[in-house]
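K.L.:
Attaching a predicted model along with its sequence, questions to come.
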Amino acid sequence: MSPTSSRKGSESGTARVIGSGLSGVAELLVFHPVDTVAKRLMSNKEKFTSKTASTIIFRDKALAPFSQKFTSLFPGLGYAAGYKIAQRIYKFGGQPYFNDLIRGTPALKSAFENTFGERGGKNMMHATAGSLTGIGEVVLLPLDALKIKRQVNPEAFRGRGFVEIFMQEGTTLYRGWGWTMARNAPGSFSLFGASAFTKEFVLGIKDYSKATWFENFIASTAGAVASITVAAPLDVIKTRIQNANFETKVSGWTVVRDLVKHEGPTAFFKGLTPKILVVGPKLIFSFTLAQTLIPIVGRYV
């Protein structure tokens, strides 16, 4: 099939789904072990030292051979695959949809441009579309919750499969939904907003779909660091809520109170440095890949 060079305007929905889906698959294969380490660090309540590091990261495989240690970082891969691919399709494919919706509504577009100026309005529309996408991401929470439990609390499964757990636990899989939305809204706002700001005001790109791979990489780096930092405190709360046993109901405010009382305010940023250093590249990788692939796929579909 030859490229459809006559296509005008935004990429098609098919291009967005394929491009963002491929980025999710690639991210999963490369970064799932890194994500497991970060989740275990955020869930850890002990003092992290050189002596406890191996036990915290590798759990019961701390004294096992290297090969077993490495494979221990792949728990919940099936849940992770379902969650990560669906999330990336929704996040990277959905944000352009919300952006088109805002820009296609004259009253909303005028409000943004009158308030922030033409270039600033364009930036804020991208950020707001990202925030709306982040809020809607809560529908994927059950897969995220199961992935986290497999990574940090596998005994909660007790030999049950996905369907059995879903039927038995029901709404408990949506535990922490409010905190998830509270985390995703500013996190996604910062991700897409900082990326758009970098393209518009730093790199001087007018048509974002024509950005080169390197330009997408620079913009994605700015967006990822901003997003991870802004969302860090709420991410810790969300992870603590989700990694408990199914029958244990823990409220977000209880987590906040216990965190401050027993671990101090700095505990809200537990895992921030490793997330920026090693989880940050995961988001940068997939975001760069999605932004690069979507326009390419769009030429052919």
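P.N.:
Noted; the coordinates are in hand.

K.L.:
what about the helices in the chain?
P.N.:
In the chain, helices defined by DSSP state H lie at 13-43, 53-58, 66-71, 77-103, 106-136, 141-152, 162-169, 177-197, 213-242, 252-258, 272-274, 280-298, listed in chain order.

K.L.:
Flag every buried residue along the fourth one.
P.N.:
By neighbour count, and taking 16 or more other C-beta atoms under 10 Å as the criterion, the buried residues in helix 77-103 are 77, 79-99, 102-103. The C-beta positions use only the backbone N, C-alpha and C, and glycine is treated the same way.

K.L.:
How about the second one?
P.N.:
Buried residues in helix 53-58, defined by neighbour count with 16+ other C-beta under 10 Å: I56, I57, F58.

K.L.:
what does stretch 288-301 give?
P.N.:
Taking 16+ other C-beta under 10 Å as the criterion, stretch 288-301 shows T288, L289, A290, Q291, T292, L293, I294, P295, V297, G298, V301 as buried.

K.L.:
Just to check, the fourth one is in contact with I218?
P.N.:
Spelled out, that is Q291. No. Under the criterion of C-beta atoms under 8 Å, Q291 makes no contact with I218, lying 11.1 Å away.

K.L.:
which one of the buried residues of helix 53-58 is nearest S195?
P.N.:
Closest approach between these and S195, by C-beta to C-beta: I57, at 30.9 Å.

K.L.:
That closest one is in contact with V34, isn't it?
P.N.:
No. I57 is beyond contact range of V34, at 11.1 Å (criterion: C-beta under 8 Å).

K.L.:
Tell me the one among the buried residues of helix 53-58 nearest to A226.
P.N.:
When the buried residues of helix 53-58 are compared for distance to A226, the smallest value, 27.0 Å, is given by I57; criterion: C-beta to C-beta.

K.L.:
Can you give me the distance of that closest one to F112?
P.N.:
Relative to F112, I57 is positioned 45 Å away (criterion: C-beta to C-beta, to the nearest Å).

K.L.:
burial of T115, as a residue count?
P.N.:
The local packing count at T115 equals 10, with neighbours defined by other C-beta atoms under 10 Å.
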